[in-house]
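*Asks:* coords please:
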Amino acid sequence: MTLRFCIFRLSWVVLLLGVAARADVAAFDLSGPQVEVWVTRDGKTLPIAEVPNLHAGDKLWLHPELPPGQ
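*Replies:* Now for the predicted structure:
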């Protein structure tokens, strides 16, 4: 019984160490210009954050904030 309990505890420790190692993965992020996005639907224009789903016929307006000369 004691050997089984030690093996059980050791397997949990190994499992938790594996989960902790995966949690430290760095996110992939690229810096770039800010992009302003608006959606026009049925004559109303809203920011993209206020539109949960796009529908057929929606018009998108995209405006990147690029530095002068680009």
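
*Asks:* please make it C-alpha for all contacts and neighbour counts, starting now.
*Replies:* Noted.

*Asks:* show me where this structure has strands.
*Replies:* Assigned strands in the chain, in chain order: 35-41, 44-47, 59-64 (criterion: DSSP state E).

*Asks:* pull out the buried positions in the longest one.
*Replies:* The neighbour-count criterion (16 or more other C-alpha atoms under 10 Å) identifies 38, 39, 40, 41 as the buried residues of strand 35-41.

*Asks:* report pLDDT for the second one.
*Replies:* Going back to what we said before, that points to residue 39. According to the prediction, residue 39 has pLDDT 95.

*Asks:* so what's the residue nearest to it when sequence neighbours are not counted up against?
*Replies:* In space, and not counting its chain neighbours, residue 39 is closest to residue 60: 4.8 Å by C-alpha to C-alpha, 6 or more residues apart in numbering. Applying C-alpha atoms under 8 Å, 6 or more residues apart in numbering to residue 60 gives the contacts 37, 38, 39, 40.

*Asks:* okay, and the beta partners of the last one?
*Replies:* What that stands for is residue 40. Using DSSP bridges, the beta-bridge partners of residue 40 come out as residue 45, residue 59.

*Asks:* for this protein, which residue is closest to the average position?
*Replies:* Residue closest to the mean C-alpha point of the chain, counted by C-alpha atoms, centre = their mean, is residue 27 at 9.1 Å.

*Asks:* residue 17 versus that residue, what's the distance?
*Replies:* Taking C-alpha to C-alpha, to the nearest Å as the criterion, residue 27 is separated from residue 17 by 20 Å.

*Asks:* swap in residue 65?
*Replies:* The separation that residue 65 has from residue 17, given C-alpha to C-alpha, amounts to 44 Å.
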